[in-house]
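# Predicted model follows, preceded by the sequence.
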Amino acid sequence: MSRVEVRRALVSVSDKTGVVDLTRRLVAAGVEIISSGGTAAALAEAGIPVTAVSRVTGAPEALGGRVKTLHPAIHAALLADLSDPSHVADLDRMGIEPIQLVVSNLYPFEATVASPNVAERDVIEQIDIGGPAMVRAAAKNHAWVGVVTGPEQYDEVASAVEAGGLDDDLRARLARIAFFRTARYDAAIVRWMERDQAVPERTVLALERVASLRYGENPHQEGALYRQAGLGAWWLEATQHQGKEMSFNNYLDADAAWRLVHSFDDPACVVVKHTNPCGVAEAVDLPTAFEAAWAGDPLSAFGSVVAVNREVDAAAAEAMTGFIEVVVAPGLRPEAAEILAAKPNLRLLTAPPPFGEGIDLRRVDGGFVGQTWDRVATDEGWRVVGRREPTASELEDLRFAWQVAAHTKSNAIVIARGRRTVGIGAGDQSRVGASERAVIRAGDRARGAVAASDAFFPFRDGIDALAEAGVTAVVEPGGSRRDEEVIAAADEHGVALIFTGRRHFRH
């Protein structure tokens, strides 16, 4: 494995964290430091000898600092392939010495656009030109040049320089990171330029692996967890208190449960299996909500993910019986942690609310389909279309069931009573099939309950199945060619029927 001895380093950083200590170590190892602008001033103030970029290029900084390093004397020193005699001859002819190390982090573009009320001119000034050019040049020529793009790399690189040079593996690894960071930087700029479009005409995804998972959806598949650079994510800020590491399926189920539970204001619990809710409840307190949600479908709840929207206390922890894979909560009392520690295989997370940023992307072969995130509004645009008005308690349950249906895979029917689900039909190929499955799960509990459908009933058979089971009120989008037939069926059964005018398919 070959090493590149570092004799000259170009240091130009926006974030100056740790740069004085780094360059002090480099100078002690015999490295000449080339720098400009604020970085050169900071190093000189610290007593570190610095060669000005303008001295290397023979040209002063121009355009208020926009032009400093964009010069052949810099880029030839970075891009020369020293195994190519013609490159070496060009350097000799131009009197240019190679540079073996670049230390550069870019202008804080993402932090700038995140600031409230920032002026467009200020954002434009944070689009770095010289920095990415230097970083990309060094990364391209990593056979001869090392490129450092963050303070977290300083100690390793300084130690390597002190030990005699940068080896092949280190230079290649630094180059991979550098290219990702310039790609992420450009992606952030594109995102800002397209900021006025809900679904951008162009989007660039910069995905950074956060963790390698034990396996993917199935044991024979490899899996990993990625974050989209520049966007927040609740699971990035989550704290795992106990249990095995999270799996591919755990993350999918936890995200589905966490998103749904945050649509409720009162203490609520969501039980999810295979990304679909199998039990949901709102109640006066968390223990009651958990027990009601679990009772919604205890058979399906086995091995599920549970999300709650209140801090878990001792009473809630005691209530959490049955086999649970993951619990996600906004907080955890010490006494609850002690109780749940008796279940060592339970993954226990505390997390902030979902961020709901960016656009919702689904993978298809060779690309993605994208959409804005689905926002569920209750009562907005709702209208009673049958003869019977729903009672106040039915209307409360209809609002609850509508929220759950919007988070359930289509075709979806949710039967609820007392702000708790008693039967859910999810992912069926027909709406009457979803109704029948929901009725089977509900059993006698369907009598006097209400139902929500994520999309319209194309025929009256779905309403017939629900009414025959004892459902007394239904909420659905409406919009079918047979709406009059569906309304007539509801009236025949004495079922209160509400059209929302908005569907909530979830494929």
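Looks like it came in fine. Note that the structure is a prediction, hence the values are computed from the model and not measured.
# What segments of the stretch 51-200 of the chain are strands?
Applying DSSP state E, counting those that start in this stretch to the stretch 51-200 of the chain gives strands spanning 51-52, 101-103, 146-148, 166-167.
# quick check, distance from the second one to the centre of its chain.
How far strand 101-103 lies from its chain's middle: 32 Å, per CA atoms, centre = their mean, to the nearest Å.
# count of neighbours near residue 472?
Counted with other CB atoms under 10 Å, residues neighbouring residue 472 total 22. In short, each C-beta sits where N, CA and C put it, glycine included.
# How much space separates it from residue 396?
13 Å (CB to CB, to the nearest Å).
# same deal with residue 240?
36 Å.
# didn't residue 257 look like it was pressed against residue 270?
Yes - counting by CB atoms under 8 Å, residue 270 is a contact partner of residue 257 at 4.6 Å.
# can you list the domains in the chain?
Under the assignment automatic domain parsing, the domains of the chain span 3-193, 242-350, 383-499.
# So for the shortest one, mean pLDDT?
Here domain 242-350 scores 95 as its mean pLDDT.
# mind checking how far that domain is from the chain centre?
On CA atoms, centre = their mean, the centre of domain 242-350 falls 21 Å from that of its chain.
# Include mean neighbour count, distance to residue 61 and mean pLDDT when you put the strands of the stretch 51-200 of the chain into JSON lines, please.
Converted to JSON lines, the strands of the stretch 51-200 of the chain look like this (neighbours: other CB atoms under 10 Å; distance: least, CB to CB, whole Å; pLDDT from 0 to 100):
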{"stretch": "strand 51-52", "mean neighbour count": "16", "distance to residue 61": "9", "mean pLDDT": "86"}
{"stretch": "strand 101-103", "mean neighbour count": "28", "distance to residue 61": "18", "mean pLDDT": "95"}
{"stretch": "strand 146-148", "mean neighbour count": "28", "distance to residue 61": "22", "mean pLDDT": "96"}
{"stretch": "strand 166-167", "mean neighbour count": "21", "distance to residue 61": "29", "mean pLDDT": "94"}
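# Mind putting those into JSON lines with distance to residue 193?
Below are the strands of the stretch 51-200 of the chain laid out as JSON lines (distance: least, CB to CB, whole Å):
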{"stretch": "strand 51-52", "distance to residue 193": "34"}
{"stretch": "strand 101-103", "distance to residue 193": "27"}
{"stretch": "strand 146-148", "distance to residue 193": "26"}
{"stretch": "strand 166-167", "distance to residue 193": "36"}
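# quick one: contacts for the most centrally placed residue in the chain?
Closest residue to the average C-alpha location of the chain: residue 233 at 4.1 Å, with CA atoms, centre = their mean. Residue 233 is in contact with 227, 355, counting by CB atoms under 8 Å, 6 or more residues apart in numbering.
# of all the strands of the stretch 51-200 of the chain, which lies closest to residue 304?
Nearest of those to residue 304, taken as CB to CB: strand 146-148 at 46.0 Å.
# between the domains of the chain, which one is nearest to residue 357?
Residue 357 sits nearest to domain 3-193 of all those, at 10.5 Å, using CB to CB.
# I'd guess residue 241 is in a helix, am I close?
No - assessed with DSSP: H, G, I helix; E, B strand; the rest coil, residue 241 is strand; it does not lie in a helix.
# so where's this structure shaky on pLDDT?
Scanning the chain for pLDDT under 70 picks out 1, 58-59, 62, 64-65, 67-69.
# which helix in it runs the most residues?
helix 168-193 (DSSP state H).
# which strands and helices sit next to it?
Counting contacts by 3 or more CB pairs under 8 Å, 6 or more residues apart in numbering; DSSP states H and E, helix 168-193 packs against helix 109-114, helix 130-140, strand 146-148, helix 154-162.
# Residue 353: which of the strands of the stretch 51-200 of the chain is closest?
Among the strands of the stretch 51-200 of the chain, strand 146-148 comes nearest to residue 353, with 36.2 Å by CB to CB.
# Next, the contact list for the closest residue to residue 15 other than its chain neighbours, please.
With sequence-adjacent residues excluded and distances taken as CB to CB, 6 or more residues apart in numbering, residue 15 is closest to residue 105, at 5.0 Å. Shown in contact with residue 105 (CB under 8 Å, 6+ apart): 13, 14, 15, 131, 149, 150, 151.
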